[in-house]
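[1] sequence first, predicted model second:
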2 protein chains.
Amino acid sequence: MTKTILLKNRPEGKPSISDFEFISEEIDTALAKGELLLETKYVSVDPYLRGRMSDAKSYVPPFQLNKPIQSGVVAKVLESKNEKFASGDYVSGMLNWQTQQVSHGEGLTKVDPSKAPLSAYLGILGMTGLTAYTGLTQIGKPKAGETLVVSGAAGAVGSVVGQIGKILGLKVIGIAGTDEKIELLKNKFGFDAGINYKTTKDMKAAIAEAAPNGVDIYFDNVGGPISDAVLVNINRLARIIVCGAISVYNNTEAPKSLSVQPFLVKNSALMQGFIVSNYTDKFPEAMKNLSTWLAEDKLKYSETIVKGFDNIPNAFIDLFEGKNKGKMVVEL
Amino acid sequence: MTKTILLKNRPEGKPSISDFEFISEEIDTALAKGELLLETKYVSVDPYLRGRMSDAKSYVPPFQLNKPIQSGVVAKVLESKNEKFASGDYVSGMLNWQTQQVSHGEGLTKVDPSKAPLSAYLGILGMTGLTAYTGLTQIGKPKAGETLVVSGAAGAVGSVVGQIGKILGLKVIGIAGTDEKIELLKNKFGFDAGINYKTTKDMKAAIAEAAPNGVDIYFDNVGGPISDAVLVNINRLARIIVCGAISVYNNTEAPKSLSVQPFLVKNSALMQGFIVSNYTDKFPEAMKNLSTWLAEDKLKYSETIVKGFDNIPNAFIDLFEGKNKGKMVVEL
């Protein structure tokens, strides 16, 4: 029997378990030419999936109701009628939340379990690492000696951004929501400073203190009041990389923040939203550098691995409470 | 006697006449080598001067209390000991709000009254035209067929931005605050559509209706709720040129607006603040094109000319009530 997770309701505010439906059925595993039968090994859960669960216009079409949810998946090829892949290969790509599935092979990439753990291909050597690398280098255009602030710093993308920042010679300040995460930033990931936004009363002053020369680059994963506090500390010609806004994804009313325009005008500053797929031409460079840094032990990563197919929705929901440290992955 | 206008108080909120002080005195007109004696002919009043009247960190240092205020000025050379300028020449540059003054000549440019009216060198062939041209071309990167929205569209910069947009093949929608201004946008400046934000209840819907293909470029002079309504209508890869935020310059508390981050992420959109001096390398190209278009009658401009030195502060204050149509200039 194959298990599948469907989108049952479009979440109102924070997603809940009742927004998902589990079904079990026999699927047709007879392969046509070009097809593969895949067994899911690791499933990526990511904040951006929340956007696809809504019906609003966005960069990717919304998930359809009563259809399988998709995300980044690493799977084993059980059987192949596609000449690019052989039985026993491992692949990564956008696939259904499903224990087994048939694919045409389009958009799948072969991954090598001897070079890195399979889950890494959903994280540091997958979309997470590519997002951190392309956002920081292509929009942030970092110059050694500059000051970088990262919000959501203990998250999957944020922790990689900070480490790349250090490799490139930046002063790196991370913002996160527990003292344990702040310790991790400083001791494991080599950030210069960390600020716990949940226990800091005056974020504006705390950022000014940690960044006495002002903020040149801000890698923004969260939006909301944290970003407001960074904004008032930016330097002339600052670059703000807008990667995500997890603090407001579940808002049912349009959130209000400090008006950014006066700060952008005063400082001739840039804010640029992006998704990783805008920079596919930079992926080879990114993968080369990320793999090298990983092999040289210059890049560390955290994973929160949740076990069991049935726990995929809960793992996803837990993202919005910051229960993950680094990349959240479900292992089957 | 020479009259001078000093900054007496840093304005709280909207500037008032009591923030300025007029003095009359004999000035020393004996010239050292390299100096010029200038007689002021036209004085530019601009929203950005409000920023220099505050004590806050910005791209130019604040005006000092009890010192002359400066802005763009066209003056006649009465006497010269500087070899670059002769008596009878006209010059433009950043000069004091003063009927006569002595200058070292640095930063002054000779202007030709036979090619355009002198006041034009403070507007369409001065900072106004250069701001419109460089912002739209360097940040907006317009492609023929795209849709451009301009706020503060009947203002000095806005009306030039829209006309350049039309010359470059864009669909151009202007936002302004009176029906008279809207008529001007459509009939004089050739905008495709105009929206009166003071009489329009649902700005979001009005912009969507005027821009059925969405907004590719937004030239923002105002910030605040008008910009919020444009933001929800932007297309993927939209460029938002942040030139000014006149709607919030007089706020004494930090203004709140719609959070921009979710829109920037969803659309991989850009917001870039700027000042014209970031693009000095483009000034020759800009002046060449602006002069050509002006000579070909492709570019029209409005001026609100206020007469009399004593009216400079009032003209400046009137900017914040939208009393100007196009460039506000004081003629002596």
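    Alright, I've got the coordinates.
[2] the helix or strand that contains A:Leu37 pairs with which strands?
    Per DSSP states H and E: A:Leu37 is located in strand A:36-44. Strand pairing for strand A:36-44, using DSSP bridges, gives strand A:70-80 (antiparallel), strand A:100-103 (antiparallel), strand A:327-331 (antiparallel).
[3] can I get those strands in CSV with mean pLDDT, mean neighbour count and distance to B:Trp293?
    C-beta coordinates here come from the backbone N, C-alpha and C atoms, glycine included. Listed next are the strands paired with strand A:36-44 as CSV, based on pLDDT from 0 to 100; neighbours: other Cβ atoms under 10 Å in any protein chain shown; distance: least, Cβ to Cβ, whole Å:
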stretch, mean pLDDT, mean neighbour count, distance to B:Trp293
strand A:70-80, 97, 21, 51
strand A:100-103, 97, 20, 56
strand A:327-331, 95, 25, 54
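[4] out of the ones you listed, which gets nearest to A:Lys282?
    Checking the strands paired with strand A:36-44 against A:Lys282 by Cβ to Cβ gives strand A:70-80 as the closest, at 18.6 Å.
[5] next SSE downstream of that closest one?
    strand A:90-96.
[6] ok, residues contacting that following strand?
    For strand A:90-96, contacts defined as Cβ atoms under 8 Å, 6 or more residues apart in numbering or on different chains pick out A:4, A:36, A:38, A:40-41, A:68-77, A:85, A:101, A:103, A:107-113, A:118, A:121-122, A:126.
[7] can I get that strand in PDB, CA atoms only?
    C-alpha atoms of strand A:90-96 as PDB (Å, rounded to 0.1, in the frame of the first residue of the first chain):
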ATOM      1  CA  TYR A  90      19.400   7.900  -5.500                       C
ATOM      2  CA  VAL A  91      17.800  11.000  -6.900                       C
ATOM      3  CA  SER A  92      16.600  14.300  -5.600                       C
ATOM      4  CA  GLY A  93      13.800  16.500  -6.900                       C
ATOM      5  CA  MET A  94      10.400  18.000  -6.400                       C
ATOM      6  CA  LEU A  95       8.200  15.000  -5.600                       C
ATOM      7  CA  ASN A  96       5.000  14.000  -3.900                       C
END
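[8] direction included, what does that strand pair up with?
    strand A:70-80 (antiparallel), strand A:109-111 (antiparallel).
[9] so how far is the first one off the chain centroid?
    Translated: strand A:70-80. Centroid displacement of strand A:70-80 relative to its chain, using Cα atoms, centre = their mean, to the nearest Å, is 20 Å.
[10] who's in contact with that strand?
    With Cβ under 8 Å, 6+ apart as the criterion, strand A:70-80 contacts A:29, A:31, A:36-46, A:49, A:63, A:85-97, A:100-101, A:111, A:118-119, A:121-122, A:126-127.
[11] from what I see, A:Ile217 and A:Leu148 are in contact.
    Yes: counting by Cβ atoms under 8 Å, A:Ile217 does reach A:Leu148; the two are 4.5 Å apart.
[12] anything in contact with each of these two?
    With Cβ under 8 Å, 6+ apart, A:Ile217 and A:Leu148 have common neighbours A:Leu136, A:Gly140, A:Pro142, A:Gly165, A:Leu170.
[13] scan the residues you listed and report the most crowded one.
    A:Gly165 (29 neighbours; other Cβ atoms under 10 Å in any protein chain shown).
[14] secondary structure element holding it?
    Going by DSSP H and E, A:Gly165 is in helix A:156-167.
[15] now do the buried residues in that helix.
    For helix A:156-167, a neighbour-count test (16 or more other Cβ atoms under 10 Å in any protein chain shown) marks A:Ala156, A:Val157, A:Gly158, A:Ser159, A:Val160, A:Val161, A:Gly162, A:Gln163, A:Ile164, A:Gly165, A:Lys166 as buried.
[16] and the strand or helix carrying A:Ala205, how far out from the chain's middle?
    When elements are assigned from DSSP H and E, A:Ala205 belongs to helix A:203-210. How far helix A:203-210 lies from its chain's middle: 26 Å, per Cα atoms, centre = their mean.
[17] now it: mean pLDDT?
    Averaged over helix A:203-210, pLDDT sits at 98.
[18] so A:Val149, which of the three states?
    Three-state call for A:Val149 (DSSP: H, G, I helix; E, B strand; the rest coil): strand.
[19] for the stretch 101-250 of chain A, which residues are neighbours of chain B?
    With Cβ under 8 Å from any Cβ of the partner chain as the criterion, the stretch 101-250 of chain A meets chain B at residues A:Asp220, A:Gly223, A:Gly224, A:Ser227, A:Arg236, A:Val242, A:Cys243, A:Gly244, A:Ala245, A:Val248, A:Tyr249.
[20] who wins for neighbours among those residues?
    Top of these by neighbour count (other Cβ under 10 Å): A:Cys243, with 33 neighbours.
[21] may I ask which helix or strand of chain A has the lowest mean pLDDT?
    None of the helices or strands of chain A scores lower by mean pLDDT, DSSP states H and E than strand A:256-258, at a mean of 86.
[22] A:Asp19 against A:Ile5, yeah?
    No: taking contacts as Cβ under 8 Å, A:Asp19 lies outside contact range of A:Ile5: 10.4 Å.
[23] sorry, back to before: got a markdown table for the buried residues of helix A:156-167, with pLDDT too?
    A markdown table is the format used below for the buried residues of helix A:156-167 (pLDDT from 0 to 100):
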| residue | pLDDT |
| --- | --- |
| A:Ala156 | 87 |
| A:Val157 | 93 |
| A:Gly158 | 95 |
| A:Ser159 | 94 |
| A:Val160 | 96 |
| A:Val161 | 98 |
| A:Gly162 | 98 |
| A:Gln163 | 98 |
| A:Ile164 | 98 |
| A:Gly165 | 98 |
| A:Lys166 | 98 |
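[24] farthest pair in those residues?
    A:Ala156 and A:Lys166 (17.2 Å).
[25] how does chain A divide into domains?
    Using automatic domain parsing, the domain parsing of chain A gives A:2-123+A:302-331, A:127-277.
[26] winner for burial among these?
    domain A:127-277 (a mean of 22; mean count of other Cβ atoms under 10 Å in any protein chain shown).
[27] so what's A:Ile182 up against?
    A:Ala154, A:Gly174, A:Ala176, A:Gly194, A:Ile195, A:Asn196.
[28] now with 6 Å?
    Contact analysis of A:Ile182 by Cβ atoms under 6 Å, 6 or more residues apart in numbering or on different chains lists A:Ala176, A:Gly194, A:Asn196.
[29] output the below-cut-off pLDDT ranges for chain A.
    A:57-59, A:247-252 (pLDDT under 70).
[30] tell me if A:Thr304 really is in a strand.
    Yes: counting by three-state DSSP, A:Thr304 is found in a strand.
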